[in-house]
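Chemist: okay, sequence plus prediction incoming.
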Amino acid sequence: MTVSGIPPWLKDPSRWPITGKGRAQVAAIGPVIQDGQSTMAENESVRQRTSDSARGEEPLLRRGRPADPRPEAGDGARLGDAASGAQVSANRPATAPADRLETDDIPASNEAVEESSTGEAPQNIDKTLAESRQRKLRLMLRQCDRVLLLDFDLLALPDWPDNYTLAAARRNRDIWLFGALLAAVVFLSGMTGFVPAWIAGGGFGAFVIILLLGIPGVRRLYTSRPSYLDLVIRRQRLLRDARKHIEHLEGKEGLVWQCARMAEFNSALKATRFSELLALSERRVLARNLTRREHIRLYLIYLLEAEKAYARAQQAFFEGHQQAIDRGWSSVAAEPGDRA
């Protein structure tokens, strides 16, 4: 076959091995075959010219990666050493096992970094949470430490006179006043001549004796029961001492409303009966508004519950401190600074 791919005998119809009607049909398609031959020849010539031009011209440039950043002045020597080392390593024949080992080390290092980062993340979160909780407990204990100064005997009012004793003393006082008034009326009636003089003199003597029996110094000689005035004075003194102690406990900031933060350690601090105490303590006017024994006892109950919560919060702080020491968290286990 020729270069064009068509045999010579096919170009000459006289050499075809057919006769008669077949020769006439082949002769009819002869021009079509010649056109195909010319088209193939043109394609061959175009292909030849394209290959020749590709050999003579420069190859086309393809877009590559961006250029490396310009090295700084301080890194010039280091980059030079790295370039020389790269040239030396390029001149040396690289073996396939070494390349395989280098490529295998890269994913392993990445996996190690990922494992270390994922292992450190939960630990950092636990450390941050522990540090935040310790800081909260330390602040809570510092603000409510005055609850330890509670004087139970002073706020419990053990010597408080009961209502029965007070009623009995009031009845004795009324009898004493009635006797003194009656003696005075008899004495005045004798001065006007309404009664005889000896009766008026007896009334005056009775009036003087009754007045003497009402004097505290003379009263202690014949009875040990306190008078009504003594009981009232004792009540006022107990209330005054209790209010002074409450004012000392409250201070300038207010103790009750600050201890309300420890409700997570004792749910009794959330009771609605303490809401008025919290409001007054927050306004720093609690001590002056406690004027009855019921108020003092309610304040005492709240401080007893707050003392329980303080003990539990302190225990939780010590446990967190010990846990931080065991884990080596120095920032969490750091001691608090001195109070200003």
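Modeler: Here it is on my side, so go on. Residues are numbered from 1 along each chain as shown.

Chemist: ranges for the helices of the protein?
Modeler: 8-11, 21-28, 30-56, 76-91, 96-143, 152-156, 163-191, 197-213, 216-222, 228-250, 256-259, 275-282, 286-289, 293-327 (DSSP state H).

Chemist: worst average pLDDT in those?
Modeler: Across the helices of the chain, helix 76-91 has the smallest mean pLDDT, namely a mean of 45.

Chemist: domain-wise, how is the chain divided?
Modeler: Domains of the chain are assigned by automatic domain parsing as 135-159+238-321+329-335, 162-225.

Chemist: which of these sits most buried?
Modeler: Across these, averaging neighbours per residue (mean count of other C-beta atoms under 10 Å) puts domain 135-159+238-321+329-335 on top, at a mean of 16. All C-beta atoms are positioned from the backbone trio N, CA, C, and that covers glycine.

Chemist: measure the closest residue to residue 277 other than its chain neighbours to residue 310 for me?
Modeler: Leaving aside its sequence neighbours, residue 277 sits nearest to residue 256 (C-beta to C-beta, 6 or more residues apart in numbering; 5.2 Å). The spacing between residue 256 and residue 310, counted by C-beta to C-beta, to the nearest Å, is 13 Å.

Chemist: repeat for residue 303
Modeler: According to C-beta to C-beta, residue 303 and residue 310 sit 10 Å apart.

Chemist: which residues are in contact with both of these two?
Modeler: Common neighbours of residue 303 and residue 310, using C-beta atoms under 8 Å, 6 or more residues apart in numbering, are 147, 259.

Chemist: reformat the domains of the chain as JSON lines; add distance to residue 124.
Modeler: Shown next, in JSON lines, are the domains of the chain (distance: least, C-beta to C-beta, whole Å):
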{"stretch": "domain 135-159+238-321+329-335", "distance to residue 124": "10"}
{"stretch": "domain 162-225", "distance to residue 124": "63"}
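
Chemist: out of these, which comes closest to residue 231?
Modeler: Closest approach to residue 231 among those (C-beta to C-beta): domain 162-225, 5.3 Å.

Chemist: measure that closest one end to end?
Modeler: This stretch, domain 162-225, spans 13 Å end to end (C-alpha to C-alpha, to the nearest Å).

Chemist: which residues touch residue 224?
Modeler: Residue 224 touches nothing, counting by C-beta under 8 Å, 6+ apart.

Chemist: for the domains of the chain, which one sits closest to residue 125?
Modeler: domain 135-159+238-321+329-335 (12.5 Å).

Chemist: residues touching the residue nearest to residue 277, list them.
Modeler: 250, 274, 277-278, 280-281, 286, 299, 302-303, 306.

Chemist: and those residues, which two are the farthest apart?
Modeler: Between any two of the contacts of residue 256, the greatest separation by C-beta to C-beta is 15.5 Å, found for 280 and 306.

Chemist: so how far is residue 259 from residue 251?
Modeler: According to C-beta to C-beta, residue 251 stands 12 Å off from residue 259.

Chemist: before we move on, what about residue 303?
Modeler: Taking C-beta to C-beta, one finds residue 303 at 8 Å from residue 259.

Chemist: ok, now residue 210?
Modeler: Relative to residue 259, residue 210 is positioned 54 Å away (criterion: C-beta to C-beta).

Chemist: quick one, phi psi at residue 158?
Modeler: Per-residue torsions, residue 158: phi -70, psi -30 (degrees, to the nearest 10).

Chemist: show me what contacts the nearest residue to residue 254 once chain neighbours are set aside?
Modeler: Spatially, and ignoring its direct neighbours in sequence, residue 254 is nearest to residue 281 (4.2 Å; C-beta to C-beta, 6+ apart). Applying C-beta under 8 Å, 6+ apart to residue 281 gives the contacts 250, 254-257.

Chemist: closest to residue 233 among the residues you listed?
Modeler: Among the contacts of residue 281, and counting by C-beta to C-beta, the member closest to residue 233 is residue 250, at 25.9 Å.

Chemist: just checking, that closest one touches residue 286?
Modeler: Yes: using C-beta atoms under 8 Å, residue 250 is in contact with residue 286, at 5.7 Å.

Chemist: residue 229: neighbouring residues, count only.
Modeler: For residue 229, the count of nearby residues is 12 (other C-beta atoms under 10 Å).

Chemist: who's in contact with stretch 176-194?
Modeler: 195-197, 199-204, 206-207, 210-211, 213-214.

Chemist: repeat for stretch 261-276
Modeler: Outside of stretch 261-276, the residues within contact range by C-beta under 8 Å, 6+ apart are 140, 143-144, 256, 259-260, 298, 302, 305-306, 308-310, 312-313, 316.
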